[in-house]
Every structure is written in C-alpha cells, then in structure tokens.
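>>> I would like the atomic coordinates for the input below:
(4 chains)
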4 protein chains.
Amino acid sequence: MAEQLKVTIWNEYRHEQSSDKVREVYPQGIHHAIGEGMGGEFELAYATLDEPEHGLTQERLDATDVLIWWGHKAHREVQDEIVERVCKRVREGMGLIVLHSGHFSKVFTKLMGTTCNLKWREADEKERLWVVAPGHPIVEGIGEYIELEQEEMYGEHFDIPQPDELVLLSWFAGGEVFRSGCTYRRGQGKIFYFRPGHETYPTYYNEQVRRVIRNAAAWAAPSTRPAPVYGNSKPLESIGRA
Amino acid sequence: MAEQLKVTIWNEYRHEQSSDKVREVYPQGIHHAIGEGMGGEFELAYATLDEPEHGLTQERLDATDVLIWWGHKAHREVQDEIVERVCKRVREGMGLIVLHSGHFSKVFTKLMGTTCNLKWREADEKERLWVVAPGHPIVEGIGEYIELEQEEMYGEHFDIPQPDELVLLSWFAGGEVFRSGCTYRRGQGKIFYFRPGHETYPTYYNEQVRRVIRNAAAWAAPSTRPAPVYGNSKPLESIGRA
Amino acid sequence: MAEQLKVTIWNEYRHEQSSDKVREVYPQGIHHAIGEGMGGEFELAYATLDEPEHGLTQERLDATDVLIWWGHKAHREVQDEIVERVCKRVREGMGLIVLHSGHFSKVFTKLMGTTCNLKWREADEKERLWVVAPGHPIVEGIGEYIELEQEEMYGEHFDIPQPDELVLLSWFAGGEVFRSGCTYRRGQGKIFYFRPGHETYPTYYNEQVRRVIRNAAAWAAPSTRPAPVYGNSKPLESIGRA
Amino acid sequence: MAEQLKVTIWNEYRHEQSSDKVREVYPQGIHHAIGEGMGGEFELAYATLDEPEHGLTQERLDATDVLIWWGHKAHREVQDEIVERVCKRVREGMGLIVLHSGHFSKVFTKLMGTTCNLKWREADEKERLWVVAPGHPIVEGIGEYIELEQEEMYGEHFDIPQPDELVLLSWFAGGEVFRSGCTYRRGQGKIFYFRPGHETYPTYYNEQVRRVIRNAAAWAAPSTRPAPVYGNSKPLESIGRA
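From the prediction side, this is the model:
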C-alpha cells in the first residue's frame, strides 16, 4: 500500500501533431494532460503509437500496474502482437482504463468480444454524466453528475457486454443517452471504460473527470495473487474408483 | 410462435471416427445424439468440421436461429473466416449454445474475450449440476440437480467473464466446483454455455441434459428486431447552437 | 404453451375517481386501459385497492401467472398482510410487472430491499426510452427508442439494486436520465420494472408501451418447477465419518 | 487512507454462554475471535444482542464504517427498530459483512428482499471454498481455495438475489455446492456475505478466513459522498414549454 501504483498512459498522439485545433487544446498531447491530472499519487510513464513497439514493450508492461488507453483514428495501426501482449497482461492482472474513442481499439474490442459500435455526433453539445452507483469507489468525490459544456455525443445502442457494474450514465442535449462508466473483469484484470474526452475539447483538464480517472486507476490496481492454475488436475478427494 | 425454430447442430465429428470407444457411445456422432434429444419441437440441420466451409456456409447460418456447438481436439482447424462469420451471426441475433469442450473453441473465446481456460480430469467421476436460478426458463422441468454418474471433471477457476445469469453449478466427486450453466448476451444474440458432454460418456442421452438443451434453444431464439443503427447521427433535439 | 397466461392487473384506482383530469384520460381506470393493450393473448383479471383484500385474495393470486401493479398515492393503505401474500407468490414463481409510481409500492420496495427513491418532476416534458439490450425478448418489436411527447420525469439516482438486466434507459428533456426497464429475479419469480405511465398522460394507449408490457408479461411467465427444498438435508455422498 | 477504518463486530453471543462445546472453541465469544483476526489495521468495537439496543445505538452506528454480523438462534429477538436503523446506515454507506448463519438475520433478509433460505447439515464435513473472481480485492492473498476440515454444510438452492459479484463457491464432501462469497450494493453501502463459521468449529481462527474478512472490511469502506438527492427537482435544461 505504501508503494505507488505504476500507471502508464498510452496515447495514439496523432491528432495533436496533425491538427492545430487539437494541439491548441493539448499542446503536449492528451497523455500529458491526463498525466497532470493524476496528481502525485501515482508513478507515471507514457507511451505512444509511433514509438517502437508502440512504447509497449514487455518490460514496460511488466512495470505497469494500470494502463490508460486513448486512441482514435489509427486503431488499425496497432500491431496485433502488441494488442495480444496488452490483453495478456490484463488477464494476468494489469488494470486497464479505456477512454472515449478507445471503445473501438483492438485491445478493448478483443477483451469485450463485441463490436463496441455506437452512435456519435460532433456538435459541441452538452453532456451530463449521472452517477448511478453512488457508493462505488470510482465516483468517490464526485457530485450527482459531471457536466461538460461541450463534448462529442456518443449514443446507445453501445454494443458492449452488459457491464459488471454500471457506474455512470450520460445525457446529451441532442436527445441520446449512453452507458459512460462501465466496469468489467477479464481474467485477473479489472477494466473501466470511461466515455468523455474528444480531442477537440478540454475535457481532460476538468477536475471531476480527472478525479474519476484517478479513482479508476486506484480501483483497477492489480491483485498480487499468483495466476490461477489450469489444465490437468489430480483429484483432491477419493472418487471411489478401484 | 407457430413456426419451428431452426436449430443447426455443429459437431467436430472426429473422435467418433478415430476412436472405437467414442463410436460405441455415439455411433452416428454426437450431433445426431443431440438431435434425437431435441424432440419434434425444432427444425434440425447438422454441420461438421470436415464439410466444405465446415458446413457453415452463409446460407446455412442465415437459415439458423440457434447454433449448437460441440468441438474438442480440432479447434485450431476451424478457419478464422468461418469463426468470424459465426460470431457476426450471433451479434446479429442468432442464438448459440456451446457445449462442454467447446469452451476452448475459437467462436466462444472470441465472443467472451477471455482464455476460457479451466481445470480438467478424466476419471469417470460423478458430477452433480445444481440449479441456482430456479425460475430460469433454461431449467424448466429440471429437478434440484442433474446427476451424471460418470463425467470428465471441469474445475474452477474457469476463465470467463462473469455470466449475465448463472443458472447451474457443478459439484465433482474429486473436490472441485464449476459454473456449468452460464448465459451471456453479445450484440442481439443470446449465448448459453452448458458444461456436460465428454465424448466417452453417454451424457447426451440423459433426459435432463436433453431437456436443458431444448430449453436453452427456445430461450436463445433470435429477436426479429432490425439491427441497431450505428455511426454518425443527427440530433433528435435542438442543441442550442447558432 | 397452448394455455393462455393469466394476467391480473392491479390498480390503486383512486386518481381516476378523484380527478377529472385523470378520468378524462382513463375513464375506466388505468387498469382497463392496460388491459385493452394486452390484446387477446392473455386471460385477464382486474383488482383494485378498495375491493376487499384489495382484490388480491389468495384464490386470485393462486390463479395469477403475472401480476401488473400500478399504484401511487395510497401505497401506505395497502395492508402488510396482502403485501406479504403478493411477495410470497412472486418468490413461488408469479411474475410481477411494476409500473411507474409503483416504484414506491410496499411490494416492490420489499422485494428490492432498497428505498427505490428517485427524482421526479411534473412538467409535460419529453421522454425517450432507449433500448440498451437489443436482443432481449421484452423489447421485441420495439424500435431504437420509444418517444413519449409528455411524461412525468423520473431521474437518477434511482435507489434500486443493480438490475440483473438493464433493458431500457430514459432521456428527459429537462436534463436527466433514468434506468427505465429493469429485470430482477426473486426466488422463482421474475420481476420487471417499467417506468412510464403517469396518470395524467395517455401513455398506456401508446402502442410501443403496450407492446413492452405484453412482452414483459410473456417473459415473466412462471416456471412450473416445484418449489426448491430447503432445510436440514441428508448427505448425498459418503462424507467419510465413522 | 491514513485513518483506520472503524469496524464494529456484532455477535448474538448466546451459544457461547449456553453451550460448553461452543465456549470451548470461542471462550471470549465469536466476536472476539473475529476481532483478533482483524490485525492492527482497524479500529475495533464490539456489540452483542443482550446489551441495551443490542449495542447498536445510533452513536455506535454513526461511528461505524463497517459492521460485521454473526447471529443464529435469536434472529427474532433483534428488535425491528434496530434492524431498520442498521439497514438505514447501510443505505447511507456503512459497509456490512454478514457471516454464516447471519443469512437468516432480519438485517440481511430485509436488504436482500428474499427469504435467504438454504439447505444445511451438521456433519463435520469438509468444505472447500474456490475462488471464482481471481482479481477481486476480497480474495487478495488467498490461494486457489480455502479448505476447512470440518464445517456445517450449506447447500443450494440459496434463495438470494443474483450477486453483483460472485467471489467464492463452496464444495462440500456430502455432495452440495454453495455460493459462499457474494457482493451486493444497497444504496451507498456495500455488502459481503461470507458463508463459513459454524459456532462449533474453529473457523474464525483460520488464517485464510481471517484474511477474507479483513479484505472484505477494507473493500466495504464507506464512500464519503454526500447522500443522493431525491424528490421534486427543477429542470436543468429548458424543456420548451411556454
């Protein structure tokens, strides 16, 4: 408990380089804006798509307790080998926080087993994320709802498995709703999907959004249990055979 | 309601051809034993691994309401293209019943997003499947438990996502337990995993096992709703922009 | 399957007698408007608060497969003995559909174990119920959403246990969201909570609302399994004692 | 995090006074054996049935973060007013760990909304609790299973709502299985039901059982969020009325 959780923030980091508008909002990249919001509670590292092995070497993943994932337009460029490496680490216990357009990442769709498709609209519209699991540690310190003046809309149907726990629900001005905070367990790992964070809005500077991400990172801390044992097993009891 | 559900039973159909012991139990193949157990309530079709496209052409799947899957030693031989075709049909609404060693099939692991690994032992030991969701339609007509004199053991940890509904739990003489009847939804499709049915035991002649499979097929009947609409969406309400 | 399900529709039936406005919308009472919407598929009966035993005699409940409940301002007048009788029948397998303000009924809160409190507002505002479980039989025949021009608002936090299955989510013009279609199992019984239906709006004439209620009644059909056996039990296996 | 969680251990404390056999196992009462197992991580208090207000004054509950409950033969003697006081505190956020025969306590059955009935047998038989949620913080530090040489059997069907998370499953030598570690949320409070601990066995001296209880207490720590706001609410958005 005394040791700090090791959080690696992965960002596709393309929009910030190709778009003035996005760079204006996130001059050092979305990953660093998220990192600033983590406070001093975590030991942080960063990784981006265009680094060798997308910055996600086995060594980096082995030294990661919780991985935060932001990707959008280059999901297909993430190599399948790295995707499998990340999924394997999640099953082994690494926490995973998938943000916004990461819903369509290879990592998330593979762990969900669904298309993770949804409705969307870029129209600078208001989002309000309502807390529906009021005692959940992921919403500690959050009020009744988080209001974001302008965000991209994501709407149902969101093609995900039914969450283990539904924590937040979004309302959008244009008439849609969305399951915006969802927990899952896969193997020994904990996963949290958190909706907000389109690249053109300053969402990751919002204090409540940052608080949810910090809470989620603490919640997703890995178990230290050894991996479960699988395969051929001897009986623990006599089974009455000669 | 008047029309019969169309059920396709898929079997790897290799053990029955390579092993005298298995052929003795299932002379016409596991698929036909399961088919006999379906009674007159369903319109049946069969498909096996060594047919062209594994018997699972697009036409066959389009004409299938519920697919039953038994595979074991040749999971890897199932072509990825057919796996994706099956998964896509499930997401579109086709029901899927995965039996026994099908836990390790490409289709099931892909839809679950986990390894679906488990403990196992072939030791002719007793299994008792306890009903834990007593009002669930899948256990209609089933007593407190189903007892199978001899079965292969499957033990926890079973590496699956937490089921939407846990219906049956197995006790094994050798000391293990197992989540033996699990429901999931993926897209518009319903999935039921049902544990029993090792190839060397006459499990699929058991009346209660057959009843569970019939119930599950009825439960997994497809919705006739059109596919959800995804992608870029116009606002339904005014969102107050100039 | 050939026999029709027996559905009893319970209505507090006070608003219709005390308010001209409500009587104008539901001249024969909300229960009869709901009953008209059930089509010819069910065998219907009606019961109201002011009948002896609130119309819910043991005989009536024994002859009920699915009970539909609408109540609002007189929850406290429902006698505890009748509440317990209803809850017992649910646990024995009777289906229960709780509508709108029935969230605060003694029957529902007792079966949930929570306060079932919520936010509300009477402001003639638009409600849109989005389908989030697209393959669920309760939304068979329903489009992407149900739109109601004017309804009472119910908003989160809704103090219920996490639903077994979340089927519908409401959007309200005033800025709130609500878990509007929720399934639960209690004992052998199935429960569906369905939000819409304030007494001053013609909601129960809406064809899609009626379809959901019909679907839910079919879904909530009782199991015919005998009641589970509880209490002191002899071992099924030798437990190795002298 | 620096402050210790305040844990109150409630014990019926009758068996220990009326039975030599039980007193021999738990000379200072089950509550003190549980308390010894909590280590130095928590600030402990004790309360028992025969104290005024069963030791559960409003002051005591207000100063309790997590309440542990052991009761068996005197459930009916717990006053309804105190039961409601405890349930209210759970809904407000107090954690609750219900042990063994506490399944039939008024507090637990009220929060569950079911009978919580089960099968049971006192036959000194072996229990093995298998971990089925391997990354869950409640089983941190626990191996594949916990083995108890002699325990009372509890068997399915256990009449509870489907758990939010199923963490442990029991195997019993006599042939039964049981959902032994179950989490629920009610209001802002977290609840963990944990099966073992019949009064005639030294179960609460078992290091793994103690570890589960310590983990569960930490997991059930209250949220510091203010209570949700309920009732009549003004619109957050314009709803387009004149």
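>>> all strands of chain A, in order?
Using DSSP state E, the strands found in chain A span residues A:5-11, A:42-48, A:66-70, A:95-99, A:119-131, A:145-155, A:165-172, A:177-186, A:189-194, A:231-232.
>>> Ok, which of those comes nearest chain B?
For chain B, the closest of the strands of chain A is strand A:119-131, at 4.3 Å, according to Cβ to the nearest Cβ. (Glycine included, C-beta is placed from N, CA and C.)
>>> how about the closest one, does it get close to chain D?
Yes. If you take Cβ under 8 Å from any Cβ of the partner chain as the test, strand A:119-131 does meet chain D, through A:126, A:128, A:131.
>>> In JSON lines, list the residues you listed along with neighbour count and distance to chain C.
Converted to JSON lines, those look like this (neighbours: other Cβ atoms under 10 Å in any protein chain shown; distance: Cβ to the nearest Cβ, whole Å):
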{"residue": "A:126", "neighbour count": "19", "distance to chain C": "8"}
{"residue": "A:128", "neighbour count": "21", "distance to chain C": "6"}
{"residue": "A:131", "neighbour count": "23", "distance to chain C": "6"}
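>>> Tell me where the model's unsure across chain A.
Across chain A, residues meeting the criterion (pLDDT under 70) sit at A:1-2, A:241-242.
>>> need the residues of it near chain D, please.
A:1, A:93, A:126, A:128, A:131, A:133-137, A:139-144, A:164-165, A:173, A:185, A:187-190, A:222-226, A:228-229, A:236-237.
>>> Could you tell me which of these count as buried?
A:93, A:126, A:128, A:131, A:133-137, A:139-140, A:142, A:144, A:164-165, A:173, A:185, A:187-190, A:222-223, A:225, A:228, A:236-237 (16 or more other Cβ atoms under 10 Å in any protein chain shown).
>>> Could you tell me which of the residues you listed belong to helices?
Among those, no member falls in helices (criterion: DSSP state H).
>>> Leaving out the residues flanking it, which one is nearest to residue A:109?
Counting by Cβ to Cβ, 6 or more residues apart in numbering or on different chains, residue A:109 lies nearest to residue A:116, which is 4.9 Å off, once chain neighbours are set aside.
>>> Check the residues of chain A next to chain D one by one and keep those near chain B.
Among the residues of chain A next to chain D, chain B is touched by A:126, A:164, A:173, A:185, A:187, A:228, A:229, A:236, A:237 when using Cβ under 8 Å from any Cβ.
>>> can you pull the contacts of the first one?
Contact analysis of residue A:126 by Cβ atoms under 8 Å, 6 or more residues apart in numbering or on different chains lists A:147, A:148, A:149, A:150, A:151, A:172, A:173, B:239, B:240, D:237.
>>> Closest one of those to chain C?
residue D:237 (4.2 Å).
>>> what about the residue nearest to the closest one when sequence neighbours are not counted, distance to residue A:197?
Nearest residue to residue D:237, sequence neighbours excluded (Cβ to Cβ, 6+ apart): residue C:175, at 4.2 Å. Distance, residue C:175 to residue A:197, using Cβ to Cβ, to the nearest Å: 21 Å.
>>> Surely residue A:69 and residue A:102 touch.
Yes. The criterion here is Cβ atoms under 8 Å, and residue A:69 meets it with residue A:102 at 4.6 Å.
>>> what residues do these two have in common as contacts?
residue A:108.
>>> Can you report how many residues neighbour residue A:104?
When neighbours are counted by other Cβ atoms under 10 Å in any protein chain shown, residue A:104 registers 18.
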